[in-house]
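next one to model:
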Amino acid sequence: MNKNRHTDHAKKRILVVRFSALGDVAMTLPVVYSLARQYPDVEIDFVTTPFFARLFLNPPANLTLRPVDLKKDYHGVKGTLRLLRYLSSLRPDYVADLHNVFRSWIIDRWFQLKGLKVVMVDKMRGERKAAISQKAPQPSFFSRYADVFAKLGFPVDVTFTTLFSDGLPTTTIEPEHPAVGIAPFARYANKTYPLHLVKRVAEMLTANGIHVYLFGGRGKEAEELQRLADSTPGCTSLAGRFPIEEELPLMGKMDVMVSMDSANQHMASLCATPVVSIWGSTTPECGFMPYRQDPDNALCLRLDCQPCSIAGKPECPLATLACMNNLLPETVANKILSLIKQ
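All right, here's what the predicted structure looks like:
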């Protein structure tokens, strides 16, 4: 394995584009950090929104985050033209489109007309029906992102391990151990483990001397998780209390992190924390299995109706949510306890 590849690409610049969403941007990070470290003479500009740019802690020296506020500074036709001029001012030699949506297509075409080599990630949209009806496994997005750079002429070995290779920083709250983090929410309800079942899991863990920490967003999520914590001795809610720059090391300090098919499983994986993932309308075969996590820790009933979606839906098509409701809290708690005891 050639860890540092200097000669063929010296003084070249790659423009990488991925605007959203949080979990998808997090999945680009192991590939992009690995790329930067294996090509130290190549400058990499990563274009994303300001909030998602904050994920990129301790980046390699040749990786520069280029936050762009699409709603404020680059909105509409005039804003798009300003964005194109700004990206042109970076003088890239290659464009890696890791998003493959209408806005990134405009960027792609702009640079293609300038004669640059542009490669976009293959989202395999045509294969999604087969993935659902025939349960055909989809390639991981980590491999799909790596394929983009290989097609640009930059093959990359994805060797990333953690955001905190020099050790975890001090945090406002230092968790008591053994510590388990639980992030029960996801973007869609049919990817969310019901809170009354989360409470039972928490109760089983605390009964075994485990300290449980709840992760979630501000507003409604924080309110619901605070109520759960208040009614469960040994349980603490961290939801909405910390910026993402501190939430990441807090996840890194968990002995185990429990997450849905959501951004949280990917954020915890960036910290090399073991993840127990819970799958509902999606399955690990949809391509979103978290980085370097043991498939045995992915809890999925694999009912006949799973998956019903590649990325999630607002409601269960059968109105039963059996994929979540039938996953016993004892199953989840026993899996967590088995990892704690290792």
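
pLDDT value on the residue lying closest to C323 once chain neighbours are set aside, please?
Counting by C-beta to C-beta, 6 or more residues apart in numbering, C323 lies nearest to G280, which is 4.4 Å off, once chain neighbours are set aside. Using the backbone N, CA and C atoms, a C-beta is placed for each residue, glycine as well. G280 is assigned 97 on the pLDDT scale.

who touches G280 in this structure?
Residues in contact with G280 (C-beta atoms under 8 Å, 6 or more residues apart in numbering) are N190, K191, T192, Y193, M260, D261, Q306, L321, C323, M324.

next one: it from S140, what distance?
G280 sits 19 Å away from S140, taking C-beta to C-beta, to the nearest Å as the criterion.

out of the contacts of G280, who's nearest V158?
Checking the contacts of G280 against V158 by C-beta to C-beta gives D261 as the nearest, at 20.5 Å.

how close does the closest one get to K191?
5 Å.

more neighbours: these two, which one.
Between D261 and K191, counting by other C-beta atoms under 10 Å, D261 is the more crowded of the two (30 against 22).

for that one, list the residues it contacts.
D261 sits next to A186, K191, S277, I278, W279, G280, T282, C286, F288, G312 when contact means C-beta under 8 Å, 6+ apart.

residues in contact with the fourth one?
Counting by C-beta under 8 Å, 6+ apart, I278 touches Y193, V258, S259, M260, D261, L299, C300, M324, L327, V332.

kindly recompute the last result at 6 Å.
Neighbour list for I278: Y193, M260, L299 [criterion: C-beta atoms under 6 Å, 6 or more residues apart in numbering].

need those residues in TSV (columns: pLDDT).
Formatted as TSV, the contacts of I278 follow (pLDDT from 0 to 100):
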residue	pLDDT
Y193	97
M260	98
L299	98
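
could you look up the SS state of F46?
At F46 the chain is in strand, as set by DSSP: H, G, I helix; E, B strand; the rest coil.

so how far is the host helix or strand of R85 off the chain centroid?
Here R85, judged by DSSP states H and E, is contained in helix 76-89. Between the centre of helix 76-89 and the centre of its chain there are 27 Å (C-alpha atoms, centre = their mean, to the nearest Å).

give the buried residues for it.
G79, T80, L83, L84, L87 (16 or more other C-beta atoms under 10 Å).

among the residues you listed, find me the one that's closest to K71.
G79 (9.1 Å).

distance-wise, check the closest one relative to Y291.
33 Å.

again, but for R109
31 Å.

which of those two has more neighbours?
Y291 (22 against 12).

remind me which helix or strand the closest residue to the more buried one other than its chain neighbours belongs to.
Spatial nearest neighbour of Y291, chain neighbours left out: S269 (4.2 Å); criterion: C-beta to C-beta, 6+ apart. Assessed by DSSP H and E, S269 sits inside helix 263-270.
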